[in-house]
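*Asks:* next input, structure requested:
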Amino acid sequence: MDFRFTSEEEAFRTEVHDFIEKDCPKELRGGDVSFFEQAGNLFAWRKKVAQKGWVAPAWPKEYGGAGMSIMEQFIYSMETARMRAPAPIFIGALAVAVIGPTIIIYGSEEQKKKHIPKILAGEEMWCQGFSEPGSGSDLASLQTRAVKDGDDYVINGQKIWTTLAHMSQYMLLLARTDPDVPKHKGLSYFIVPMNSPGVTVRPLMNMAGTHEFNEVFFDNVRIPAQNLVGEEHRGWYQAVTTLDIERSNIGSAVGQQQNVEDLIKFARDNQSDGVVRIKSDPALRTELAERYLETEVAMSLSSRVVSMQSKGMIPNYEASAVKLYSMELNQRIANTGVRLMGLYGPLARGSRLSPMKGRMSYAYIRNVANTIEGGTSEVQRNIVAQRGLGLPRE
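*Replies:* Residues are numbered from 1 along each chain as shown. Predicted coordinates:
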């Protein structure tokens, strides 16, 4: 792989850099932005990005996207992360990054006309109804039912760990439409308005103290049949596409490098407790060096995915390898950061004494979920083993 940019790519990188430098509010720079605390600034920033046509860099131009090449998307994500600016999809990220492309690929023309412009404008928030109390890693075993009744479907069941369901206008729901066939063949995709009678959302507070996740209950929820996305009973194959999109994220590697660079800076700062700990603990020095090397590996893995996509190839187990390595690395970086900060490490965000504005203490708690959400590490290892290495199933 040749990691050097062409002159055109370098010019585009400069354009992205200059735009962020000029138009991104200072309050949003630094990598410590809370959606709940900076919602107003984030919406204003998103509007400026929309004016550039960059909200959905990967989408085709005919659907309002930027129509960027794979390499341009990579440069765009990388430069945004390096300048510590919120990605333009920070607001409604799931809708732009996952649900919008799914509707573009599988949705009807009516669904595209109704939802795609509003997703781009930030007027619609979406959530994804996948996991259930008894169906997480084995997603195809889900039991939420959608039964055809004339011109409608009637939905009954429960979803769990539904991110931002309490703020969403719509859910992209995976439900069972045929219980009498093998589990992978009886599922279908639906668009469910969250204000439908019979939909109940209950909060699930995570141990970092934030409200991201929810339980969602469906009690005889009636939706029109035209809310079916794609073919009936083909939802599993569409869901696999959705999950591959979700696992192909290439933006995290730059953020990991920045976090490690900040830890190195903290360790070098003569006013910080990190200097004392680094000097007195050779194992901690080695650990920090390992984190640095691991971020280089993460960047190489992500770059491989970009290289494949730019050649028209579809990453599969390669995307799972990126997801697996990056999410576990997130946890290792947070663990190292908290150890490096000593007694200051556990201080929460908001404390005036908390190093790096409490980023590491928050990540130490929040990143536990990284190896669960979007497919557990065990699932990713199985994908790499079976599809990448050709090993038999367990």
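*Asks:* show the pLDDT at residue 311.
*Replies:* Residue 311 carries a pLDDT score of 80 in this model.
*Asks:* my bad, should have said residue 22
*Replies:* 92.
*Asks:* tell me the contacts of it?
*Replies:* By Cβ atoms under 8 Å, 6 or more residues apart in numbering, the contact list for residue 22 is empty. The C-beta positions use only the backbone N, C-alpha and C, and glycine is treated the same way.
*Asks:* doesn't it lie inside a strand?
*Replies:* No - read with DSSP: H, G, I helix; E, B strand; the rest coil, residue 22 is helix and lies in no strand.
*Asks:* let me know the secondary structure of the residue nearest to residue 82 when sequence neighbours are not counted.
*Replies:* Spatial nearest neighbour of residue 82, excluding adjacent residues (Cβ to Cβ, 6 or more residues apart in numbering): residue 254 at 5.7 Å. Judged by three-state DSSP, the three-state class of residue 254 is helix.
*Asks:* averaged pLDDT, the top strand by length along the chain. What do you get?
*Replies:* The longest strand of the chain (DSSP state E) is strand 213-224. Mean pLDDT, strand 213-224: 97.
*Asks:* what do you get for stretch 280-296?
*Replies:* For stretch 280-296, mean pLDDT is 93.
*Asks:* pLDDT weak spots in the stretch 1-150 of the chain?
*Replies:* 1-3, 31-39, 87-92 (pLDDT under 70).
*Asks:* now do the strands in it.
*Replies:* Under the criterion DSSP state E, counting those that start in this stretch, the stretch 1-150 of the chain carries strands at the ranges 126-129, 145-149.
*Asks:* which residue of the chain sits farthest from its center?
*Replies:* residue 280 (38.1 Å; Cα atoms, centre = their mean).
*Asks:* look up phi and psi at that residue.
*Replies:* Dihedral pair for residue 280: phi -100, psi -10, per degrees, to the nearest 10.
*Asks:* relative to residue 262, how far out is it?
*Replies:* Distance, residue 280 to residue 262, using Cβ to Cβ, to the nearest Å: 21 Å.
*Asks:* before we move on, what about residue 76?
*Replies:* With distances taken as Cβ to Cβ, residue 76 is found 23 Å from residue 262.
*Asks:* okay, those two: which has more neighbours?
*Replies:* The residue with more neighbours, out of residue 76 and residue 262, is residue 76; 22 against 17, by other Cβ atoms under 10 Å.
*Asks:* quick check, the more buried one in contact with residue 16.
*Replies:* Yes - the pair residue 76 / residue 16 is scored as a contact, 5.7 Å apart, by Cβ atoms under 8 Å.
*Asks:* any residues in contact with both of those two?
*Replies:* By Cβ under 8 Å, 6+ apart, no residue touches both residue 76 and residue 16.
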